[in-house]
Every structure is written in C-alpha cells, then in structure tokens.
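Trainee: The amino acid sequence is not available; the structure is as follows:
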C-alpha cells in the first residue's frame, strides 16, 4: 500500500478473508454482529520505508424473510493511516455499506453416514455511503485510501459447509464488480476465496469451542484511469494461511482469527502485506 515516490497502492487493504463467523452458517437465527479487522502493509525494501495501517469495525445484521431467504446489512467504520518518516496521515469515518440478499439452497441437508451439507448463494449491492475524495492523491495518499469508492458495486457470494460429526469444511467465495466513479476512475474487480477446516473440540449443551485452520486466496485487478490506462501500483494476488477459534455460549458467539501471507504479489511487488487480525462478536436471536 505505500510507496515512496508513488501515490497509489494495492486494493487488497482491509480484506480479512475467512473469519470465525463463516462457521455460523446453517443456523436458523437472525443475527447482529460486530467485527474488527486489521491489515498492515509496508513498502518493499527497495522502494521506501512507508507503512499503511487499516482498522475497520463492521456493524452487521441479518434477518430471515422466510426459511430460505435472508437479508443482511453491513456498515463499516474505518480508521486508516499512513506512517512515513515519523509523520502520520490519518483518515477515518464510515465506509461503503453493503446490502446482501441470500438464498439458502441446502439447509443442513442430511447425507449418508452422519454427514450434512449447507449451501447458500447471495447477491448484493455495495453502496457509495463512504466519503470519496477524487483528489486524495494531492495529499500524498493513494486512491484506494479513501473511506468509500465513490461508486456502486455488485457483490456475488457463495457459502458451502460440509459437516460430519464434529468435523467440518467451509468454502466461501466472493466476487465484487465495481462501476466507475464520477470521474470515470475504475477500481479493479476483486475475487476472494477461503477454505477452512474446523473441529468442535468441546460441545456441551449451549456451549462449544471450535478451532479452525485454512487459507484464503485473493485477486484484485488493476485500477483504470478514465482513458483506460492502467494505474501503477494497484492490483495483485495473494495466498494467506488462516488460523482461528470460535467460542459459543447460548445466543452469543465470539471468535478471533489471524492470517499470514504465504505468497503475494501486490502493486507490481512494490508492497508487502503483513499479518492480519480479526475479532468478531455475534448475537443470535
């Protein structure tokens, strides 16, 4: 995300991949949740000595319209800052909200030998509720440092969970297609996929402890100017390892996870992604 001599940065910042809320699928509950996410990027050694930090708190909720259809809303609150030569450049406020419609295709459908499967697909809209400054580069910050993207986006998601006894696999895929901003700047489309294996080491009455391990892949296309020329220092791919744990008690679920890059190539290798953290709290009702 940062680079001495360049105003732009990779668009992966703030993506957290798999969180422990992913293994809540299959529950016929309305939800209200808080999720904190942190991501850290540094310039490559041959580029400079800048560092970008992204803090995000998501306020989210979902309601069942009927047993197979639920509607969700997520509103992010962001605090981003760049640290360069001891000077901090902060930016904070509300980001772009997302409304997601989800259709449940298989709701814990029984299979043979104590196995069950859950599958849902979602179609959503990312709305331009966050502040977007098209001239942010004049402040020495990259375009994607904005709290919002100043555009509308279409989100496609799929979630599948396979369980046998206390073991389970969760596969989550998401694709975000961006429209152009009012100055015809196009943020790169994004694809994320995460796969996690979980095991309930303890399950008694309304209490459970469920650790998980896995990985996530992300791919972000290069941003484009209004003339369709590529924006330097944007886009890339990454593969991250994930480990975390979820604890549930009655209608309260708390989880935490960490991610570490295994392979990465962001912003023409001018940016290095560091570890990421997520903490979440979900209330079922």
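Mentor: Received, thanks. Values in this document were obtained by computation on a predicted structure and should not be read as measured data. Residues are numbered from 1 along each chain as shown.
Trainee: dump the residue contacts of residue 279.
Mentor: Residue 279 makes contact with 35, 36, 255, 256, according to C-beta atoms under 8 Å, 6 or more residues apart in numbering. Backbone N, C-alpha and C define where each C-beta goes, glycine included.
Trainee: between the residues you listed, which has the most around it?
Mentor: The most neighbours of any of the contacts of residue 279, using other C-beta atoms under 10 Å, belong to residue 255, which has 24 neighbours.
Trainee: distance of that residue from residue 166?
Mentor: Distance of residue 255 to residue 166, computed by C-beta to C-beta, to the nearest Å: 17 Å.
Trainee: What of residue 104?
Mentor: In this view, residue 104 and residue 166 are 23 Å apart by C-beta to C-beta.
Trainee: what about the two, which has more around it?
Mentor: Using other C-beta under 10 Å, the more surrounded residue of residue 104 and residue 166 is residue 104, with 21 against 13.
Trainee: What average pLDDT does the one helix or strand that one maps to get?
Mentor: Using DSSP states H and E, residue 104 sits in strand 98-110. For strand 98-110, mean pLDDT is 95.
Trainee: Phi and psi next, for the closest residue in space to residue 276 that isn't next to it in sequence.
Mentor: In this structure, residue 276 finds its nearest non-sequential neighbour in residue 259, 4.3 Å apart by C-beta to C-beta, 6 or more residues apart in numbering. When read as degrees, to the nearest 10, the backbone of residue 259 gives phi -130, psi 140.
Trainee: how much space is there between residue 259 and residue 173?
Mentor: 17 Å.
Trainee: The two - which one has more neighbours?
Mentor: Counted by other C-beta under 10 Å, residue 259 and residue 173 do not tie: residue 259 has more neighbours, with 27 against 16.
Trainee: and the more buried one, what are its bridge partners?
Mentor: Counting by DSSP bridges, residue 259 is bridged to residue 242, residue 276.
Trainee: do residue 169 as well
Mentor: As for beta bridges, residue 169 partners with residue 162, residue 197 under DSSP bridges.
Trainee: Just to check, it is in contact with residue 162?
Mentor: Yes. Using C-beta atoms under 8 Å, residue 169 is in contact with residue 162, at 4.7 Å.
Trainee: Which residues are in contact with residue 169?
Mentor: Going by C-beta under 8 Å, 6+ apart, residue 169 touches 161, 162, 163, 195, 196, 197, 198.
Trainee: switch to 7 Å and redo it
Mentor: Taking C-beta atoms under 7 Å, 6 or more residues apart in numbering as the contact definition, residue 169 lies against 161, 162, 195, 197.
Trainee: which among those residues gets closest to residue 66?
Mentor: When the contacts of residue 169 are compared for distance to residue 66 (C-beta to C-beta), residue 161 wins out at 20.4 Å.
Trainee: and that closest one, how many residues sit next to it?
Mentor: A total of 23 residues lie near residue 161 under the criterion other C-beta under 10 Å.
Trainee: Kindly list the main-chain dihedrals of residue 269?
Mentor: phi 60, psi 20.
Trainee: pretty sure residue 72 is touching residue 100, no?
Mentor: Yes. If you go by C-beta atoms under 7 Å, residue 72 and residue 100 touch, sitting 4.5 Å apart.
Trainee: Quick one, grab the pLDDT at residue 138.
Mentor: Here, the pLDDT recorded for residue 138 equals 86.
Trainee: and it, helix, strand or coil?
Mentor: Of the three states, residue 138 takes helix according to DSSP: H, G, I helix; E, B strand; the rest coil.
Trainee: What segments of the stretch 101-250 of the chain are strands?
Mentor: Here the stretch 101-250 of the chain has its strands, by DSSP state E, counting those that start in this stretch, at 115-126, 153-164, 167-178, 190-199, 202-204, 207-220, 236-249.
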